[in-house]
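# Quick one, what's the 3D model for this:
(chains A and B)
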2 protein chains.
Amino acid sequence: MLQELGKKAKLASYELATLTTAQKNYALECIACELENSQVEILVANAKDIAAGKANGLTDALLDRLLLTEVRLTAIIADVRGVIALPDPVGAESEGKVLENGLRLSKRRIPLGVIGVIYEARPNVTIDIAALSLKTGNAAILRGGKETVHSNLALVSVIQAALAKAQLPTDSIQVIADPNRELVTALLKMDKYVDMIIPRGGPGLHRLCQEQSTIPVITGGMGICHAFVDASAKVEDALAIIENAKVQRPSACNALDTVLVHKDIAESFLPLLAERLAANAVELRAEPKAHIILSNVNAKNLHVATADCFDQEWLALVLGVKVVADVEEAIIHIREHSTEHSDAILTDNLTNATRFLNAVNSAAVYVNASTRFTDGSQFGLGAEVAVSTQKLHARGPMGLEELTTYKWIAIGDGLIRP
Amino acid sequence: MLQELGKKAKLASYELATLTTAQKNYALECIACELENSQVEILVANAKDIAAGKANGLTDALLDRLLLTEVRLTAIIADVRGVIALPDPVGAESEGKVLENGLRLSKRRIPLGVIGVIYEARPNVTIDIAALSLKTGNAAILRGGKETVHSNLALVSVIQAALAKAQLPTDSIQVIADPNRELVTALLKMDKYVDMIIPRGGPGLHRLCQEQSTIPVITGGMGICHAFVDASAKVEDALAIIENAKVQRPSACNALDTVLVHKDIAESFLPLLAERLAANAVELRAEPKAHIILSNVNAKNLHVATADCFDQEWLALVLGVKVVADVEEAIIHIREHSTEHSDAILTDNLTNATRFLNAVNSAAVYVNASTRFTDGSQFGLGAEVAVSTQKLHARGPMGLEELTTYKWIAIGDGLIRP
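Next up, the predicted model:
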């Protein structure tokens, strides 16, 4: 059955790949309209998921992620229209050249084909991925969490109605609704039909995909992010950046997890940092040197860092704190513990800034700015399908272009290779 | 032990990543000189492999791939100097922009880190991969075939001597000499240290890597390549292209495997094709319609196509032949049977050429040219590390740039996200 679904997606992808931008945008507008017309059905379906979630004892946080409201639906519909407004990367040709023998070569940007997305609670991801996939001429197979099955079925039925209206294949967007977990493993092996897997979830899901998938996987979304406060850092800027990176949205993958402080300023800087973060009740996990300094000033919410503290993505108001000898020790710590998502140096020293930029190879490397900027819309990509922390294909925020690949076009006039 | 090797490679990669182009070129020149000075040792080691190969009953073809001679070594050394002459992609910045808030963003090209290469007989691959890896600032772990173990150990010892001379970490290029096959599986799981796996071998090796690897794998090098001869094709050009694509080097992955002929010209074209290919003793495997036409003219080396004929990469003087109704049937056949390597249309009809270019999404799509051009040096990339037939990261011939990735560089002045 899953094979059949894959085959249909592949067939749909052939048709999507040759659509004009206008045709794709029309389909997206149909989706937006259909969502507007189907608000009641969607909210009713969502209410079933919420009721089931309550019955199953889901946390308030999870229930909130699951919940759709009229306001949230309006935002989702606005996002679809936002995707319509984005430029379409498909079809663009680059690196055109004529070889000495006359062969005309260029790279043409094309859709990937079929994208498999495995995600957890949020039903808005369903619409989000559908819109980004369609805009780039890709078919998608969606596997949402079992908590959202009613919402997802309602949303996909709206999408398929809109696709039919736009005279596009309804198999362009399909959902795997059966909660059987073996279907996820089976999906990961369908390399005949699926071209890319995007997991959106925790480390367990990513590891499962890495280990089981025979399809290329976009690993990402997990950030153990660092800020190194150099001796020359401007104190007020450094405090503001760390506060922002830690506090503004601690549940985000680009939120700060560890602060490394240069030994020469640790005595003066750490107490100021503790004071600043106390206002937000940030819990500090300090290694011995930092702990002594912070104890001396009776810092609030202070704990000793345990062995695994620096390998944790906190996703909460917790911050690892460590004193380092210099930028080199900071770099070594980051290489050992970073997930290569977003890491920052706060400094006024050009040599150290340059050294940090050269030596740290995370997806996004910052000088005197908050790691919270690692985000598709912040980076001006217009949308974001995932944040990649792997090194192949794409790094950091992935927008529309990262949902495409290229083919070489070669045009001759009876050309043979001598 | 393998973990230790991986760790050392990762540490070496940090140092390689920050070298200047001059430093890397100097190391490559040291390798070229050291190869010149060690010809005797290398040839002696190779003679051991050849003797063992003969004792183990290797075919003449395999022994020839294994063999190093003074002439071949000279060519290998020239190739290393060729890599010195290529531009270094590392460090280049692109897509620089300043966001409204003042954040200065750009993408900087960086090495991948550690590349694992698993390959078969040819010892020249050892030098080739080492040179391309070093030029791009990557460390490499090489796993050659057990038939070449003496040659590879000699070559890597020469490389490591040259690295020492150039004051670069000798762990930059390491070899797994132990023939135990479990080490390959273990290498494929070392995602902590290895950033990319390049298999260079047959379908079995590629499948093993796809199934076992937790590291991104470059799938490629296998080409079931098609030429569709449209009704409007210029007959003499079409014959010359098919002959070239099939005969010039049948063992190459970009050699032609299947010819699809438009029904309107099949009666006239197929006999001419059979005559042309008879001179090179090409065996024809024809589906029924084509077989009837070819039988009528007593075509030489004619066989009936069996069920799996169109899913074979021949790598030999064999050609599948099929009559199709039109460009659409050709496209459907190619989608079903192509490995998305190189496929061509031979036509004088603009609509059909355009349709074929749009609908066939192989790594290289040709109009009126031989598929044999899909090659790094032919495409002007200067060198080739593999030919990718997957869709992520790189497609078709992979040169130096495809051994790199990028990181986002973001520079602020105390910038926080509102």
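# Tell me the spacing between residue A:375 and chain B.
Separation of residue A:375 from chain B (C-beta to the nearest C-beta, to the nearest Å) stands at 8 Å. To be clear about C-beta, it is placed using only N, CA and C from the backbone, and glycine gets the same treatment.
# what about that residue, which SS state?
Classification of residue A:375 into helix, strand or coil gives coil, according to DSSP: H, G, I helix; E, B strand; the rest coil.
# Quick check: phi and psi on it?
Dihedral pair for residue A:375: phi -170, psi 140, per degrees, to the nearest 10.
# Test my guess that it contacts residue A:254.
Yes. Using C-beta atoms under 8 Å, residue A:375 and residue A:254 qualify as a contacting pair, with a distance of 6.5 Å.
# Overlap of the contact sets of the two?
Overlap between the neighbourhoods of residue A:375 and residue A:254 consists of residue A:387, taking contacts as C-beta atoms under 8 Å, 6 or more residues apart in numbering or on different chains.
# Which one's more surrounded, those two?
residue A:254 (25 against 18; other C-beta atoms under 10 Å in any protein chain shown).
# does residue A:125 belong to a helix or a strand, and which?
Under the criterion DSSP states H and E, the helix or strand holding residue A:125 is helix A:124-135.
# before we move on, what about residue A:260?
Under the assignment given by DSSP H and E, the secondary-structure element containing residue A:260 is strand A:256-262.
# what's in contact with that strand?
Taking C-beta under 8 Å, 6+ apart as the criterion, the residues outside strand A:256-262 that touch it are A:223-231, A:233, A:242, A:245-246, A:269-270, A:273, A:290, A:310, A:312-314, A:319-327, A:329-330, A:333-334, A:337, A:371.
# hmm, try it at 6 Å
Under the contact criterion C-beta atoms under 6 Å, 6 or more residues apart in numbering or on different chains, strand A:256-262 has outside partners A:224-231, A:242, A:245-246, A:269, A:310, A:313-314, A:320-324, A:330, A:333, A:371.
# Give the pairing partners of that strand; include direction for each.
Each strand that pairs with strand A:256-262, with its direction, by DSSP bridges: strand A:225-229 (parallel), strand A:318-324 (parallel).
# Would you tell me which one of the ones you listed is buried the most?
Each of these was scored by mean neighbour count; the highest is strand A:225-229, a mean of 28, by mean count of other C-beta atoms under 10 Å in any protein chain shown.
# The next helix-or-strand element following that strand and chain B in contact?
Beyond strand A:225-229 in the direction of the C-terminus, DSSP H and E gives the next helix or strand as helix A:235-247. Yes. Using C-beta under 6 Å from any C-beta of the partner chain, we find that helix A:235-247 touches chain B at A:237, A:240-241, A:244.
# Select from those the one having the most neighbours.
Counting by other C-beta under 10 Å, residue A:241 has the largest number of neighbours within those, with 28 neighbours.
# Could you measure from that residue over to residue A:122?
Using C-beta to C-beta, to the nearest Å, we find residue A:241 at a distance of 29 Å from residue A:122.
# what do you get for residue A:238?
Per C-beta to C-beta, residue A:238 is found 34 Å from residue A:122.
# For residue A:283, the count of nearby residues, please.
Applying other C-beta under 10 Å, we find 14 residues neighbouring residue A:283.
# Tell me which residues are up against the helix holding residue A:125.
Residues outside helix A:124-135 that contact it (C-beta under 6 Å, 6+ apart) are A:24, A:27-28, A:76, A:80, A:83, A:115, A:117, A:119, A:140, A:142, A:152, A:155, A:159, A:173, A:383, A:385.
# One more: stretch A:355-364?
Applying C-beta under 6 Å, 6+ apart, the set of residues contacting stretch A:355-364 from outside is A:327, A:331, A:334, A:338, A:340-343, A:345, A:365, A:374, A:389, A:395-396, B:18, B:110, B:407-410.
# now do stretch A:2-11
Residues lying outside stretch A:2-11 but in contact with it, judged by C-beta under 6 Å, 6+ apart, are A:114, A:139, A:141, A:171, A:174, A:186, A:190, A:193.
# now stretch A:189-204
A:6, A:10, A:112-120, A:205-206, A:209, A:213-218, A:222, A:386, B:391.
# Of the residues you listed, which belong to helices?
The members of the contacts of stretch A:189-204 that map onto helices under DSSP state H are A:6, A:10, A:205-206, A:209.
# Contact partners for whatever residue of the stretch 251-400 of chain A ends up closest to chain B?
Taking C-beta to the nearest C-beta as the measure, the point where the stretch 251-400 of chain A comes nearest chain B is residue A:369, at 2.9 Å. With contact set as C-beta under 6 Å, 6+ apart, residue A:369 has these partners: B:103, B:410, B:412, B:415.
# Confirm for me that the third one is in contact with residue A:368.
Yes. Under the criterion of C-beta atoms under 6 Å, residue B:412 is in contact with residue A:368, at a separation of 4.9 Å.
# Mind naming the longest strand for chain A?
Longest among the strand segments of chain A by residue count, using DSSP state E, is strand A:404-415.
# what angle do that strand and helix B:235-247 make?
Using axes from the mean of the first three to the mean of the last three C-alpha atoms, to 10 degrees, the direction of strand A:404-415 lies 120 degrees away from that of helix B:235-247.
# worst-scoring helix or strand of chain A, pLDDT-wise?
Comparing helices and strands within chain A by mean pLDDT, DSSP states H and E singles out helix A:60-66 as the least confident, with a mean of 88.
# how far out from the middle of the chain is it?
Remark: helix A:60-66 is offset 19 Å from the chain centroid, using C-alpha atoms, centre = their mean, to the nearest Å.
# which residues touch it?
Contacts to helix A:60-66, defined as C-beta under 6 Å, 6+ apart, come from residues A:49, A:53, A:121-122, A:147.
# all helices in the stretch 1-150 of chain A, in order from the N-terminus.
When assigned using DSSP state H, counting those that start in this stretch, the helices of the stretch 1-150 of chain A occupy the ranges A:2-17, A:21-37, A:39-55, A:60-66, A:70-85, A:124-135, A:149-165.
# and residue A:250, how many neighbours?
The criterion is other C-beta under 10 Å. On that basis, residue A:250 has 18 neighbouring residues.
# That one contacts residue A:316, correct?
Yes. A contact is recorded between residue A:250 and residue A:316 when judged using C-beta under 6 Å, the distance being 5.5 Å.
# returning to that earlier point: go through the residues of helix A:235-247 next to chain B and say which is closest to residue A:297.
Of all the residues of helix A:235-247 next to chain B, residue A:240 has the smallest distance to residue A:297: 20.1 Å, by C-beta to C-beta.
# For the closest one, give its distance to residue A:368.
When residue A:240 is compared with residue A:368 (using C-beta to C-beta), they lie 10 Å apart.
# Show me the shaky parts of chain A.
Counting by pLDDT under 70, the ranges of chain A that qualify are A:121.
# Return the set of buried residues in the least confident helix or strand of chain A.
Burial within helix A:60-66, assessed by neighbour count using 16 or more other C-beta atoms under 10 Å in any protein chain shown, is assigned to A:62, A:65-66.
# nearest to chain B, of the residues you listed?
Distances from chain B to the buried residues of helix A:60-66, taken as C-beta to the nearest C-beta, are shortest for residue A:65 (21.5 Å).
# what's near enough to touch residue A:254?
Taking C-beta under 6 Å, 6+ apart as the test, what residue A:254 contacts is A:223, A:342, A:371-372, A:374.
# Could you rank the residues you listed by neighbour count and give me the top one?
Within the contacts of residue A:254, neighbour counts (other C-beta under 10 Å) peak at residue A:342, which reaches 33 neighbours.
# Contact partners for the residue lying closest to that one once chain neighbours are set aside?
Residue nearest to residue A:342 in three dimensions, not counting chain neighbours: residue A:371, with 3.9 Å by C-beta to C-beta, 6 or more residues apart in numbering or on different chains. Neighbour list for residue A:371: A:225, A:245, A:254, A:256, A:342, A:344 [criterion: C-beta under 6 Å, 6+ apart].
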